[in-house]
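Enquirer: requesting a structural model of the entry that follows:
(2 chains)
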Amino acid sequence: MDWLEQELREALRRQEPSPDFLERPRRAHVLPMRRWMAAAAVVLAAIGAGGAMREYQGHVAKERVLLAVRIAGGKMNRIQAQVRGVAQ
Amino acid sequence: MKRAGLLACFCAALCAQQFKFDLDQLASKASDVVDLSLNGSTLQFAAKFLDSKDPDEAKVKKLIEGLQGIYIKSFEFKKGGGYAESDVQSVRAQLRAPEWSRIVGVKSSDDGENAEVYVRNEASKITGVAILCAAPKELTVVNIVGPVDLDSLAELGGHFGVPKLQNAPKK
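Expert: Residues are numbered from 1 along each chain as shown, chains lettered A, B, ... in the order given. All right, here's what the predicted structure looks like:
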């Protein structure tokens, strides 16, 4: 039975905790928090960039519509004026 | 896959447009080219960015409501003869009865400009407008798809930096 006693004594021997024993759980908690915050920042940045992109595309579309109306309306205006001139 | 997507886009553009603009060959000769292809969803998207408080933009917003597209090709040339009569004819040939009817044709002997307005009628409703303007140094083709108020369009033409013409220029 000596070997068993020896094994048990070895296994149940008092051992001092490592110096970072108390730090470890806190670090384990902080690290995922940081990761989540970084992920949230990336998502927020992506949403912001998406919004800015949409805004930019909207303004480009608006400018194109105004240009189209300027060209088509300008032609129609000129044609109407010529017709009015002939009628007068 | 990409090709299929491009083909689908091209087909969609052609379907929305009421007649073909086979004028791409003129781009290399032109000094200025305007090529606008605005489908219904682009118009509605742009409408959200038009300011209702601005009188002109409010009018544009109202004008484009219900439109399915605006397609414009405009070429300006430094010299005359940048395009051939057959180019104009290729467009004009598509604007035929019974779908299309020419409502105005103006020919100016002074500046050589020839302008025509065609209207597309379906079930007694205007469903499209075509404007064809051919001057010696300029060729412009417009197709507005959907019900459009031509008077409002002409009125808007007098805004946005284009002077409104009350009467034809004195010759």
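Enquirer: just the strands from chain A, written as ranges.
Expert: Counting by DSSP state E, chain A forms no strands at all.
Enquirer: tell me the residues of it that contact chain B?
Expert: Proximity of chain A to chain B, by CB under 8 Å from any CB of the partner chain, involves residues A:57-59, A:61-62, A:64-86, A:88. Heads up, the C-betas are built off the backbone N, CA and C, glycines and all.
Enquirer: let's see 7 Å
Expert: Within chain A, the positions adjacent to chain B are A:58-59, A:61-62, A:64-86, A:88 by CB under 7 Å from any CB of the partner chain.
Enquirer: look up the pLDDT of the residue nearest the centre of chain A for me, please.
Expert: Residue closest to the average C-alpha location in chain A (CA atoms, centre = their mean): residue A:43, at 2.3 Å. Predicted confidence (pLDDT) at residue A:43: the value is 91.
Enquirer: quick check: it vs chain B, distance?
Expert: Here residue A:43 is placed at a distance of 25 Å from chain B (CB to the nearest CB, to the nearest Å).
Enquirer: which residues of chain B score low on pLDDT?
Expert: Across chain B, the ranges flagged by pLDDT under 70 are B:1-15, B:158-171.
Enquirer: where along it do the strands fall?
Expert: With DSSP E as the criterion, chain B has strands spanning B:32-39, B:69-76, B:100-107, B:114-122, B:125-135, B:138-145.
Enquirer: please pick the buried ones from the residues of chain A next to chain B.
Expert: By neighbour count, with 16 or more other CB atoms under 10 Å in any protein chain shown, the residues of chain A next to chain B hold A:58, A:61-62, A:64-83, A:85 as buried.
Enquirer: tell me where chain A has helices.
Expert: A:2-11, A:23-87 (DSSP state H).
Enquirer: mind listing what the residue positioned nearest the centre of chain B touches?
Expert: In chain B, the C-alpha nearest the mean C-alpha coordinate belongs to residue B:142, at 1.3 Å (CA atoms, centre = their mean). When the contact criterion is CB atoms under 7 Å, 6 or more residues apart in numbering or on different chains, the partners of residue B:142 are A:71, A:72, A:75, B:72, B:130, B:131.
Enquirer: in space, what's closest to the fifth one - neighbours in sequence excluded?
Expert: For residue B:130, ignoring the flanking residues on the chain, the nearest one in space by CB to CB, 6 or more residues apart in numbering or on different chains is residue B:118 at 4.1 Å.
Enquirer: neighbours of that neighbour, just the number please.
Expert: Counted with other CB atoms under 10 Å in any protein chain shown, residues neighbouring residue B:118 total 24.
Enquirer: what's the answer for residue B:76, then?
Expert: 15.
Enquirer: roughly how far apart are the residue nearest to residue B:130 and residue B:43?
Expert: To residue B:43, residue B:118 is 21 Å away according to CB to CB, to the nearest Å.
Enquirer: and residue A:36, by the same measure?
Expert: Counting by CB to CB - residue A:36 and residue B:43 are separated by 42 Å.
Enquirer: one more: residue A:29?
Expert: Counting by CB to CB, the separation of residue A:29 from residue B:43 is 53 Å.
Enquirer: so which of the two has more stuff around it?
Expert: Taking neighbours as other CB under 10 Å, residue A:29 and residue B:43 compare with residue B:43 leading, 24 against 9.
Enquirer: so what's the more buried one closest to, chain neighbours aside?
Expert: residue B:64 (4.8 Å).
Enquirer: kindly report the same for residue B:37.
Expert: That would be residue B:71: by CB to CB, 6+ apart, it lies 5.4 Å from residue B:37.
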